[in-house]
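Colleague: Structure of the sequence below:
(one chain, ligands or ions: 1)
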Amino acid sequence: MLTVRQLGVRYGQIEAVKGIDLAVAKGTIVALLGANGAGKSSTLLGLVGLVAASGEIELDGVSIAKAPPEEISRRGLALVPEGRRVFPSLTVAENLLLGGAVHGDRHDTKAAEEKLLDRFPILRERYRQRAGLLSGGEQQMLAIARALMSGPKLLLLDEPSLGLAPQVVDSVFDLIAELREQGLTILLVEQNAAQALEIADRGYVLVNGQIEIEGTGAELASSERVKEAYLAA
Ligand code: ATP
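Modeller: All right, here's what the predicted structure looks like:
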C-alpha cells in the first residue's frame with residue numbers, strides 16, 4: 001500500500017532522515033523502532049507533508065511526495081501525533097468534528113462519528129466535555145478516534161503508549177491490533193519495542209536516520225542486536 005524510497009528529512013544542517021526505504025503492505029502493522037532522536041517522528045511528519053521531505057512516496061501506486069498535507073489526508077493517510085495533541089479547550093465532539101473536516105461532507109462525518117462512538121463508549125460518555133479534562137488514556141483514544149474520522153487507509157501512530165500507565169498501554173496495543181483485524185493498515189512508531197513487536201507483522205529499526213535492521217516482528221524480537229539495544233529489561 002505504501003512504498004517509500006530514499007525518504008530524506010533535514011532541518012537546516014541537521015539530516016534527521018537519511019534516505020530510507022520502507023514498505024507497508026495492506027492490512028499489516030509495521031513498527032518503526034529506534035532510540036530518541038533516531039528520526040522516527042521526522043519520518044512520519046515527512047510522509048504526511050508536515051515537514052519538507054525528499055524522495056518518493058507512493059500510496060497505492062500514486063505519488064504523494066510533495067503533495068500538500070490536506071491532499072495527503074484526503075488520499076488516506078492520517079497521523080496521530082506524538083503527545084496526542086488533542087485540542088484541550090475544545091469538547092470531545094469538536095475534536096472529532098475536526099478530524100472529519102478533511103472531506104467536508106457533514107452527513108458522512110455524522111455516520112463516521114456514530115461508528116466511532118460505538119467503538120469508544122467512553123467518548124460518548126464524555127462527548128460534551130472538554131478534551132483537556134480526559135485522562136491520558138482517554139485522550140489517546142480521542143486522538144486515534146479523531147484520526148479515524150477521516151476514514152484513512154493508513155494510520156500513522158507516533159508513540160501512542162508514551163506516558164500512559166501499563167494497563168492503559170495494554171489497551172492501546174489491543175486497540176491497534178483490533179484495528180488491523182478490521183482491515184486498517186498501520187505504521188507504528190514506538191519506543192516500547194517489546195510490545196510493538198508482539199503485534200507487528202514487520203518492523204524496521206532506525207539508527208541516526210538510517211534503517212539498520214528490518215524483518216518480521218518475530219525476527220526482530222529474536223535478533224540479538226535488537227534485544228541488546230531495545231528489549232533490555
Ligand atoms: P523522539 O522519540 O525523541 O521523538 P525521533 O526518533 O522521533 O525521536 P526525531 O524527532 O525525528 O526523532 O528527531 C530526529 C533528529 O532531528 C534529532 O536530532 C532532532 O533533534 C532533530 N529535529 C527534530 N525536529 C527538529 C526541528 N523542528 N528542528 C531541528 N531539528 C529537529
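Colleague: alpha carbons only for contacts and neighbour counts from here, please
Modeller: OK.
Colleague: What residues does this structure have near the ligand?
Modeller: Proximity of the chain to the ligand (CA under 6 Å from any ligand atom) is limited to residues Y11, A16, A35, N36, G37, A38, G39, K40, S41, S42.
Colleague: try it again with 5 Å
Modeller: When proximity is defined by CA under 5 Å from any ligand atom, the chain lies next to the ligand at Y11, A16, N36, G37, A38, G39, K40, S41, S42.
Colleague: Would you enumerate the residues in contact with the closest residue in space to A112 that isn't next to it in sequence?
Modeller: Excluding the flanking residues, the one nearest A112 by CA to CA, 6 or more residues apart in numbering is M149, at 5.9 Å. Counting by CA atoms under 8 Å, 6 or more residues apart in numbering, M149 touches L96, L97, G99, G100, T109, A112, E113, L116.
Colleague: Would you format the residues of the chain next to the ligand as CSV with distance to R130, secondary structure and neighbour count included?
Modeller: Shown next, in CSV, are the residues of the chain next to the ligand (distance: CA to CA, whole Å; DSSP: H, G, I helix; E, B strand; the rest coil; neighbours: other CA atoms under 10 Å):
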residue, distance to R130, secondary structure, neighbour count
Y11, 35, strand, 11
A16, 35, strand, 21
N36, 31, coil, 11
G37, 32, coil, 13
A38, 34, coil, 19
G39, 33, coil, 25
K40, 30, helix, 28
S41, 27, helix, 21
S42, 30, helix, 21
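Colleague: tell me the mean pLDDT for the longest helix belonging to the chain?
Modeller: Identified as the longest helix of the chain according to DSSP state H is helix 166-181. Regarding helix 166-181, the rounded mean pLDDT is 93.
Colleague: how close does the nearest residue to V169 once chain neighbours are set aside get to Q195?
Modeller: Closest residue in space to V169, ignoring its immediate chain neighbours: S161 at 5.3 Å, by CA to CA, 6+ apart. For S161, the distance to Q195 (CA to CA, to the nearest Å) stands at 10 Å.
Colleague: E70 now?
Modeller: Distance of E70 to Q195, given as CA to CA: 32 Å.
Colleague: Over to the most centrally placed residue in the chain: give its phi and psi.
Modeller: Nearest residue to the geometric centre of the chain (CA atoms, centre = their mean): L157, 1.5 Å. For L157, the backbone dihedrals (degrees, to the nearest 10) come out as phi -110, psi 120.
Colleague: Do I have it right that it meets R84?
Modeller: No - counting by CA atoms under 8 Å, L157 sits too far from R84 to count as a contact (9.5 Å).
Colleague: And for T43, the neighbour number?
Modeller: By other CA atoms under 10 Å, 24 other residues sit near T43.
Colleague: Is the closest residue in space to it that isn't next to it in sequence bridged to anything, and to what?
Modeller: Nearest residue to T43 in three dimensions, chain neighbours excluded: V17, at 6.7 Å (CA to CA, 6+ apart). When bridges are called by DSSP bridges, V17 pairs up with V9.
Colleague: same thing with L206?
Modeller: Under the criterion used (DSSP bridges), L206 bridges to I211.
Colleague: Quick check: it touching E214?
Modeller: No - if you go by CA under 8 Å, L206 and E214 don't touch, sitting 9.2 Å apart.
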